[in-house]
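Novice: no letters, just coordinates:
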């Protein structure tokens, strides 16, 4: 037996969502949603940029691997014994000036002066 009572039909579908109504409510409140989102983003940026101090910092030195012909041919002297490639020599100089490498070398050679 089919029931054609409209009140009964409305109570039957009471737990379903009306997506068109939901979207229209969200669309009407888009300015409020945008303001709250912008305020939250600004608070997050202020917190990370001003309030919090970073726990960890890092630096990196990149080594360039060159497998090309040297730009200048050094046939004698100290430059010739280092390899001759200008970028390779600059890389080696950067490595030698690297603070992290110097610290490791000092520790390995027991050159660290203990502080008391």
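Specialist: Arrived safely, thanks for sending. Predicted model only: the values in this text are computed from it and were never measured.

Novice: which SS state does residue 54 fall under?
Specialist: coil (DSSP: H, G, I helix; E, B strand; the rest coil).

Novice: give me the neighbour count for it.
Specialist: 7 (other C-beta atoms under 10 Å). Where C-beta positions appear, they are placed from N, C-alpha and C, glycine not excepted.

Novice: what of residue 88?
Specialist: 17.

Novice: helix/strand/coil for it?
Specialist: helix.

Novice: report pLDDT for it.
Specialist: pLDDT, residue 88: 74.

Novice: measure it to residue 101 for me?
Specialist: 17 Å (C-beta to C-beta, to the nearest Å).

Novice: what does residue 27 give?
Specialist: 60 Å.

Novice: okay, now the domains of the protein?
Specialist: Segmentation of the chain into domains, based on automatic domain parsing, reads 17-51, 58-116.

Novice: weakest of those by average pLDDT?
Specialist: domain 58-116 (a mean of 67).

Novice: and residue 53, its phi and psi?
Specialist: phi -100, psi 140 (degrees, to the nearest 10).

Novice: need the pLDDT of it.
Specialist: Looking at residue 53, the pLDDT reads 85.

Novice: can you pull out the helices in this protein?
Specialist: Counting by DSSP state H, the segments of the chain that form helices are 6-12, 19-28, 30-46, 77-82, 86-97, 99-108.

Novice: who touches stretch 100-108?
Specialist: 59, 61, 95, 111-112 (C-beta atoms under 8 Å, 6 or more residues apart in numbering).

Novice: picking up where we left off before, looking at the helices of the chain, which is closest to residue 54?
Specialist: Smallest distance to residue 54 across those (C-beta to C-beta): 14.9 Å, for helix 30-46.

Novice: could you list the buried residues of that closest one?
Specialist: Across helix 30-46, burial judged by 16 or more other C-beta atoms under 10 Å covers no residue at all.
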